[in-house]
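Peer 1: the amino acid sequence is not available; the structure is as follows:
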């Protein structure tokens, strides 16, 4: 665990196709200081809704999007994970028949639990949570 209390020894990974020009809006947190996080007026971001949280630490999230589908190896170059984890991710993608994709995002926090693993998150497939170390 690091000083923030997040378990950064695990990374959640999502991969798929999303060509929406508003792809990054899904992760946008509400920084309106006039609205308390517990207020019904607080705007919970799409990512937070999907992981059943009101907030996430942006320092531990990465998101990348190409304008077209690319080979999986090219897309996975964006992930900062060990070679073993990369191989595990490729294995799951192969099982899910994902050979090409345009977008990925990842979040370092083993404390969150993705309840619906078949649901699409920002139109991407949940690949899984993997043990890793920060690179």
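Peer 2: In hand now; what should we look at? None of the values given here were measured: they were computed from a predicted structure.
Peer 1: going by C-alpha atoms from here, please, whenever you check contacts or count neighbours.
Peer 2: Will do.
Peer 1: can you give me the buried ones in the longest helix anywhere in the chain?
Peer 2: Longest helix in the chain, counting residues (DSSP state H): helix 83-95. Residues of helix 83-95 classed as buried by neighbour count (16 or more other C-alpha atoms under 10 Å): 85, 86, 88, 89, 90, 93.
Peer 1: adding distance to residue 101 and pLDDT, write those out as CSV.
Peer 2: Putting the buried residues of helix 83-95 into CSV (distance: C-alpha to C-alpha, whole Å; pLDDT from 0 to 100) gives the following:
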residue, distance to residue 101, pLDDT
85, 18, 91
86, 15, 93
88, 17, 96
89, 13, 96
90, 12, 96
93, 10, 97
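Peer 1: CSV for these, including distance to residue 103?
Peer 2: Output for those, formatted as CSV (distance: C-alpha to C-alpha, whole Å):
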residue, distance to residue 103
85, 18
86, 16
88, 18
89, 14
90, 15
93, 13
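Peer 1: need the contact list for the residue of the chain most remote from its centre.
Peer 2: Ranked by distance from the centre of the chain (C-alpha atoms, centre = their mean), the top residue is residue 34, with 28.2 Å. By C-alpha atoms under 8 Å, 6 or more residues apart in numbering, the contact list for residue 34 is empty.
Peer 1: you'd agree it is in a strand?
Peer 2: No - with DSSP: H, G, I helix; E, B strand; the rest coil as the criterion, residue 34 is assigned coil and is not in a strand.
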